[in-house]
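sequence first, then the predicted structure, then my questions.
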Amino acid sequence: MKNMKMWKFTVTVVVFVAVASAWKISSSHISKAGIYNVSTSTNLKSSESSEPTTRLTATGDFEHSLQINPDNTNAGSKNAFKKYKSGDYQGAIESYNLALKMNQNDAESYSHRGSAKASLKKYQDAIADYDKAIELNPKSAEFYVNRGLLYASLGDYQKAIQDYNISIKINHKYENAYFNRGVAHYKLGNKKAAVADSQILAQHYKSQGAAVDAEEIFNTMKQFGK
């Protein structure tokens, strides 16, 4: 339709590794965009508006949560985050260790340290940090998705789906959870469930005026589910 906004979405699938494949979804095609560092901080805009759009992303929310809640971190955590951004994951872990000595009830620091550990492929240790983060803040949809991504990185897609399900119960509009759940379903050979999640996502974006086809989303899920 002539007046319909053609919004673009970036899908970045990251299981907390240094780089990830990034995909752009427009109203009529999906194309591989290249290799990007772990990041969820870019505000995408529609081609006809200066207002930020909602993003369809399958990445963990480490950076995203820190940027929208900067006051949730103390000075030690902010220093650790700078190290994480620079790629000094071990240094970030050590800094978060110090920050957590000052405040053992900081759920964000546990989640961020978990992300740094996962960047070093210490997935079990990272899961332990997310267990603690969730214990301290069981209402964080992001924490459950990130832990789900960690389970998926270990090949435990059933546990990953369980975490995505909880995330959706907390926030039924959380796109990350639907996309990652679809990928996990596909990995387990449950194509019907993966298609259902792609349809939910398509309806969500349609309600925002974005022409994103469910089949195209599903095809992207398949790419990351190989």
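The structure has been received and is ready for your questions.

low-confidence stretches in the chain?
Applying pLDDT under 70 to the chain flags residues 1-76.

show me where it has strands.
Ranges of strands within the chain are 9-12, 19-25, 30-37, based on DSSP state E.

show me the domain layout of this structure.
Domain ranges of the chain: 64-138, 157-225, per the TED database.

columns mean neighbour count on top of the ones you listed, output as CSV?
Using the backbone N, CA and C atoms, a C-beta is placed for each residue, glycine as well. Listed next are these as CSV, based on neighbours: other CB atoms under 10 Å:
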stretch, mean neighbour count
domain 64-138, 19
domain 157-225, 20
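
kindly present those domains as CSV, with separate columns for distance to Asn146.
CSV is the format used below for the domains of the chain (distance: least, CB to CB, whole Å):
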stretch, distance to Asn146
domain 64-138, 6
domain 157-225, 9
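
closest to Tyr144 out of these?
Closest of these to Tyr144 is domain 157-225, at 4.0 Å (criterion: CB to CB).

can you give the contact residues for stretch 186-199?
The contact list for stretch 186-199 (CB atoms under 8 Å, 6 or more residues apart in numbering) reads 152, 157-158, 161, 178-179, 181-183, 185, 214-215, 217-218, 221-222, 225.

and the residue lying closest to Tyr164 once chain neighbours are set aside, what does it touch?
If the residues on either side of it in the chain are set aside, Tyr164 comes closest to Arg181, at 3.9 Å by CB to CB, 6 or more residues apart in numbering. By CB under 8 Å, 6+ apart, the contact set of Arg181 is 148, 160-161, 164-165, 168, 193, 197.

pick out the most distant pair among those residues.
Top of the distance list for those (CB to CB): Gly148 and Ala193, 14.8 Å.

what distance do you get for Ala193 to Lys132?
30 Å (CB to CB, to the nearest Å).

that should have said Tyr151, apologies.
16 Å.

repeat that for Lys121.
Per CB to CB, Lys121 is found 20 Å from Lys132.

and for Arg113?
Here the criterion is CB to CB. By it, Arg113 lies 9 Å from Lys132.

and Lys78, by the same measure?
Taken as CB to CB, the spacing of Lys78 relative to Lys132 amounts to 20 Å.

for Ser86, same thing?
For Ser86 relative to Lys132 (CB to CB), the value is 25 Å.

what of Asp213?
Taking CB to CB as the measure, Asp213 falls 40 Å from Lys132.
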